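Enquirer: Predicted model and sequence below, questions to follow.
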Amino acid sequence: MAKQEILNRLIDTHEQRVIGVLKKLEDDIIADLTKSTAGGENLTTQLAVQLRPNLKRLIEENYLSEVDDIIRSDYDEIIKEYQKFIRPLPIPARFKSLTKPNLEVINQLKFLSFSGFEDIANTYLDTLANEVYQSAIVGKDFRDMVKNIRAKINGVYQRSDETEINRLVDFIDKNRYSNNASIKAQVSVAKETLQSKYAADIYGDNMRRYASQMAHDSLMQFDGQFTKYKAAEAGITNFKYTGTNIVTTRPFCRANLNKVFSEEEANSLWTSTRWAGKSGTDPFINRGGYRCRHSFIPYDLEWENLIEE
């Protein structure tokens, strides 16, 4: 299986697992608030302040703890697939360290990825706690507060009292990664319906938006950093920029796909070039920018045909 196919499968699974965690977190927070305030009857500013530790506990136990497990298992899967991809190749002996994992480095990279999800958790703890407090101050209807909290967690994909909204959300979440052209078209229609009929902005400021992007980008960053480390360990200084060329491929990526760069050349190009969607200047971490699925593979002129993307 080509490396890009492996990464696509892992990214889709990784993102879907994080989305599942957020759907459960939303329901658990609403259940806790409903119980703690007797459906809003007992909500006061004093109680709102006291509820912040509850929100913190739920986010830590039902989001961060679950994300930590997801990172550990999914990133280990990257390493396994990387080794399955590399080991069968007739790599010269001096490059054999490519096939050996380094647990210390792997754990450091996992921690860096987790810190991104932790930042999102801290931001939205403040956001959710403030929503509860402000609702208590102005005497907002409990149902409106619940709707706002759901929106701040999952945006337009929140659970609802309306059956049609839940049907659309469930269909989108179940089929968002389908490769079937007909199903993909139906998902697009469902998203448009959800946006136009039930929400002002499908890409609003919510926890799911940022955690979903973090799930995608952090996994690709892990792959890039691990690849760079293994290449350095093996004494390889050249890399091939690989991946698929699709409709949404950025012009920068399209112009550089399948080209070979030394680390110095890649750093120079990524630093000096501007393009829409650029997220940073480290080619191995940022690649083509947000949600880019292109990646580097170690490359050496002595065995240029031994590793195929």
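Expert: It's in.
Enquirer: what mean pLDDT would you report for stretch 150-167?
Expert: For stretch 150-167, mean pLDDT rounds to 85.
Enquirer: Next, the buried residues of stretch 241-260.
Expert: Neighbour counts using 16 or more other CB atoms under 10 Å place 241-243, 249-250, 252-253, 256-257, 260 of stretch 241-260 among the buried residues. Every residue, glycine included, has its C-beta placed from N, CA and C.
Enquirer: so can I have CSV of the residues you listed showing distance to residue 169 and pLDDT?
Expert: Below are these laid out as CSV (distance: CB to CB, whole Å; pLDDT from 0 to 100):
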residue, distance to residue 169, pLDDT
241, 36, 95
242, 35, 91
243, 30, 90
249, 29, 93
250, 29, 94
252, 34, 96
253, 31, 96
256, 37, 96
257, 35, 95
260, 44, 94
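Enquirer: which residues touch the closest residue to residue 147 other than its chain neighbours?
Expert: The shortest distance from residue 147 to any non-neighbouring residue, by CB to CB, 6 or more residues apart in numbering, is to residue 158 (7.6 Å). The neighbours of residue 158, taking CB atoms under 8 Å, 6 or more residues apart in numbering as the test, are 26, 147, 150-151, 169.
Enquirer: want to throw the buried residues of stretch 241-260 into a markdown table with secondary structure?
Expert: What follows is the buried residues of stretch 241-260, written out as a markdown table (DSSP: H, G, I helix; E, B strand; the rest coil):
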| residue | secondary structure |
| --- | --- |
| 241 | strand |
| 242 | strand |
| 243 | coil |
| 249 | coil |
| 250 | coil |
| 252 | helix |
| 253 | helix |
| 256 | helix |
| 257 | coil |
| 260 | strand |
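Enquirer: just the residues you listed now: which is nearest residue 205?
Expert: Nearest to residue 205 among the buried residues of stretch 241-260, counting by CB to CB, is residue 250 at 24.2 Å.
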